[in-house]
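Colleague: Give me coordinates for this.
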Amino acid sequence: MNKEILDKVRHMTTEEQRNLTYEELVKIIEPLSSDEIIELSNIIGYPVFTRLLMGELKHRFVLLQDGAAAIILNDRNQILLQSRADRNKWGLPGGCQELGERFSDTVIREVKEETNYDVLESDLELVDIVSGKSRRNDYPNGDVVINNTALYLIRNYRGELKYNEESKDMRYFDLDNLPENLNDPDLIKIFIDKFNNDK
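Modeller: Have a look, this model is predicted:
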């Protein structure tokens with residue numbers, strides 16, 4: 001029975017999932033075990049799932065959100081940036097941590113989803129864990145989040161660069177010639193400072 005509930009949500013479009021009412025979500029969750037609720041959260045996506053559970057306050061409540069981002073360098077020491085579809089800014093591949101995920105799992109999953117690159121855990125170099133006021137992110141729909149971000153450097157990756165619907169464009173930039181409209185200026189600055197110090 002509960003598998004059918006989860007499968008029904010899994011087969012909804014992203015738009016249908018995001019438009020579930022608080023009342024509909026309560027009916028979906030009531031018969032589920034805690035493990036099944038975690039699975040449901042991972043199907044919908046933890047931040048969206050959390051906001052749906054807030055009912056009328058969903059776009060007014062500021063979320064604390066954990067995630068991971070990737071500094072992907074090519075062999076010319078250029079950094080890969082994505083032009084996000086939901087705003088006119090360039091940022092790093094990455095995203096939110098799902099329930100039960102390690103940060104390394106998050107960055108590997110997000111890099112695959114957003115760039116099509118295959119990355120192994122052994123390819124990851126932890127640059128820093130970044131938190132604080134610089135990690136505030138305001139979304140066009142009114143959502144505000146404060147991110148805690150595990151920042152990884154990736155020099156080794158496999159596959160052909162392809163981006164999904166989250167991006168308008170994706171390309172490599174020289175570190176001294178980055179676009180001005182950056183989505184993650186704090187993360188990029190932390191990396192560049194470390195990169196220059198390690199030379």
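Colleague: When you work out contacts or count neighbours from here on, use the C-alpha atoms and nothing else.
Modeller: Fine.
Colleague: name the element the residue lying closest to F103 once chain neighbours are set aside belongs to?
Modeller: Computed as Cα to Cα, 6 or more residues apart in numbering, the closest residue to F103 that is not its neighbour in sequence is A68, at 6.0 Å. Element membership of A68 [criterion: DSSP states H and E] is strand 63-72.
Colleague: Touching that strand from outside, list them.
Modeller: Here strand 63-72 makes contact (Cα atoms under 8 Å, 6 or more residues apart in numbering) with 47, 79-80, 92-97, 103-104, 106-107, 111, 144-155, 188, 191.
Colleague: Where helices are concerned, which of those residues count?
Modeller: Residues of these located in helices (DSSP state H): 47, 103-104, 106-107, 111, 188, 191.
Colleague: Just give me the closest of those residues to R84.
Modeller: V111 (14.1 Å; Cα to Cα).
Colleague: for the nearest residue to I28 once chain neighbours are set aside, helix, strand, or coil?
Modeller: Excluding the flanking residues, the one nearest I28 by Cα to Cα, 6+ apart is I5, at 6.9 Å. At I5 the chain is in helix, as set by DSSP: H, G, I helix; E, B strand; the rest coil.
Colleague: Correct me if wrong: I5 contacts E30.
Modeller: No. In terms of Cα atoms under 8 Å, I5 does not count as a neighbour of E30; the distance is 10.8 Å.
Colleague: Could you check which of the two is surrounded by more residues?
Modeller: I5 (15 against 9; other Cα atoms under 10 Å).
Colleague: could you check the distance from the more buried one over to R60?
Modeller: I5 is 29 Å from R60, where distance means Cα to Cα, to the nearest Å.
Colleague: Of the ones in helices among the contacts of strand 63-72, which is the most crowded?
Modeller: V107 (28 neighbours).
Colleague: Tell me the bridge partners for the residue nearest to it when sequence neighbours are not counted.
Modeller: Leaving aside its chain neighbours, V107 sits nearest to A68 (5.3 Å; criterion: Cα to Cα, 6+ apart). Per DSSP bridges, the residues bridged to A68 are G95, A150.
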